[in-house]
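Chemist: just the structure for this:
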Amino acid sequence: MADDSLGDKLRAMADHRGLKLVKSRRRKPGTGDYGKFGLTDMAGKPLLGIGEKELTASPEDIEDYLRAGATSTWKASADSTPERPASKKKPESVDQEEEDAPPAIRPRARRTSRTRAGKQDPVREKAASGRAVQASRTASRNLEVDEPVTSARRSRSAPPAPAPPEPELRIRAGKSADAAALAPLLAQLAHIDIDELAIARHLEAARQAQGGMAVAEYGDLVGFCAWAVLHTVQHGAIGRITLLLVDERRRRRGVATGLLEAATTALRKAGCKRLEVMSDIEIANAHGFFRALKFEQTSYRFARDIDLAD
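Modeler: Predicted coordinates:
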């Protein structure tokens, strides 16, 4: 929650300066550019922290950059304000003779800059006060970088934000904690009814028997590949893909190919020189997928249930 509050504060500061804040989409601490930010202008030109593959600027770097920009804007505004020109007094031209001769009518007292000792002329005092207030308002507007930006003001100054980029594909080893995410995927298969606890038990048993599983993530878990090592009389150790399944909404994006490569690597390390695939007839286009990867159909697979009561 604190990271979200900090990101919102930095985004408001960037919007106030007419810039765009870019935030890392890494969710796990210690991975990639987690917790990093970047700045661009509204045209997408990098200004700070935009690396070739990841963001590099810390929250402190972003805040210092934005505050430095606000201070320079205020100074430029103050320097560009012209000074009020000094008032020019008309030179007094008094004839010496008129000075010596007493006037017939007493002249009206000339208005001076100070009407009384210690008090300033009210007119000039009011004008000076108005200039001070105006300068104070200008400085306040330039320095208030944390001022919240309303939706109406943002819509006038910046184009709508683009849609967030799609997460990158990540393939990792499966674990028992993935059982909850695997259950909805297995529900897409016909004649399969299994709960989370059974999935976790089967995965642990397969791991103890030299089997394993790889899962694919696009932010959420979207597919998996399970395998087993079979020791046969005719071929020795064989790696068998027992199930390769990808969410229907994420197919044809290279997920299945990446999972199969991960399984092949693991089976090669286990000493397998041959790879077999069990292609479920319930999965649309599964046979065509394996044929495209140069798998050959070498046999038919027949199956029936065993009655444990016999």
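
Chemist: got the buried residues for stretch 59-68?
Modeler: By 16 or more other C-beta atoms under 10 Å, the buried positions in stretch 59-68 come out as 59, 61-63, 65-66. (C-beta placed from N, C-alpha, C; glycine too.)

Chemist: let me fix that: stretch 11-18
Modeler: Using 16+ other C-beta under 10 Å as the test for burial, stretch 11-18 gives 11-17.

Chemist: tabulate the buried residues of stretch 59-68 (CSV), appending distance to residue 218 and pLDDT.
Modeler: CSV is the format used below for the buried residues of stretch 59-68 (distance: C-beta to C-beta, whole Å; pLDDT from 0 to 100):
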residue, distance to residue 218, pLDDT
59, 28, 87
61, 30, 89
62, 28, 84
63, 33, 86
65, 33, 87
66, 33, 83
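
Chemist: which member of those is positioned nearest residue 196?
Modeler: Residue 196 lies nearest to residue 59 out of the buried residues of stretch 59-68, by C-beta to C-beta, at 38.8 Å.

Chemist: in the protein, which spans are strands?
Modeler: Secondary structure of the chain (DSSP state E): strands at 19-23, 37-41, 46-48, 170-173, 212-218, 220-232, 236-246, 274-277.

Chemist: state the mean pLDDT of the fifth one.
Modeler: For strand 212-218, the mean per-residue pLDDT is 93.

Chemist: and which of the buried residues of stretch 11-18 is nearest to residue 216?
Modeler: Set against residue 216, the nearest of these by C-beta to C-beta is residue 11 (31.7 Å).

Chemist: what pairs with the nearest residue to the closest one once chain neighbours are set aside across the strands?
Modeler: Leaving aside its sequence neighbours, residue 11 sits nearest to residue 21 (C-beta to C-beta, 6 or more residues apart in numbering; 4.5 Å). Counting by DSSP bridges, residue 21 forms beta bridges with residue 39.

Chemist: neighbours around residue 21, how many?
Modeler: Close neighbours of residue 21, defined as other C-beta atoms under 10 Å, add up to 21.

Chemist: and if you look at residue 298?
Modeler: Neighbours of residue 298 under the rule other C-beta under 10 Å: 6.

Chemist: related to what we said a few turns ago, so can I have CSV of the buried residues of stretch 11-18 showing pLDDT?
Modeler: Below are those laid out as CSV (pLDDT from 0 to 100):
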residue, pLDDT
11, 87
12, 85
13, 85
14, 84
15, 85
16, 82
17, 82
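
Chemist: out of those, which is nearest to residue 226?
Modeler: The shortest approach to residue 226 among those belongs to residue 11, at 43.0 Å (C-beta to C-beta).

Chemist: from residue 33, how far out is the closest one?
Modeler: In this view, residue 11 and residue 33 are 17 Å apart by C-beta to C-beta, to the nearest Å.

Chemist: related to what we said a few turns ago, can I get the strands of the chain in a markdown table with distance to residue 295?
Modeler: As requested, these are exported to a markdown table (distance: least, C-beta to C-beta, whole Å):
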| stretch | distance to residue 295 |
| --- | --- |
| strand 19-23 | 43 |
| strand 37-41 | 45 |
| strand 46-48 | 46 |
| strand 170-173 | 20 |
| strand 212-218 | 18 |
| strand 220-232 | 14 |
| strand 236-246 | 10 |
| strand 274-277 | 6 |
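
Chemist: out of those strands, nearest to residue 164?
Modeler: strand 19-23 (9.9 Å).

Chemist: for the closest one, name the packing helices and strands.
Modeler: Strand 19-23 is packed against helix 2-16, strand 37-41, with contacts defined by 3 or more C-beta pairs under 8 Å, 6 or more residues apart in numbering; DSSP states H and E.

Chemist: tell me the most buried of those?
Modeler: Highest mean neighbour count among the helices and strands packed on strand 19-23 (mean count of other C-beta atoms under 10 Å): strand 37-41, with a mean of 20.

Chemist: quick one: list the elements packing against that strand.
Modeler: Using 3+ C-beta pairs under 8 Å, 6+ apart: strand 37-41 touches helix 2-16, strand 19-23, strand 46-48, helix 59-80.

Chemist: contacts for it, please.
Modeler: 7, 10, 14, 18-24, 46-51, 55-59, 61-62, 65-66 (C-beta atoms under 8 Å, 6 or more residues apart in numbering).

Chemist: show me the shaky parts of the chain.
Modeler: For the chain, applying pLDDT under 70 flags the ranges 1-4, 70-130, 132-133, 135-157, 280-285, 310.

Chemist: one step back: Serialize the buried residues of stretch 59-68 to CSV and add fields for distance to residue 42.
Modeler: Formatted as CSV, those follow (distance: C-beta to C-beta, whole Å):
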residue, distance to residue 42
59, 21
61, 20
62, 16
63, 20
65, 16
66, 15
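
Chemist: of the residues you listed, which is the nearest to residue 181?
Modeler: Distance to residue 181, by C-beta to C-beta, is smallest for residue 59 among those, at 32.0 Å.

Chemist: no more questions from me, cheers.
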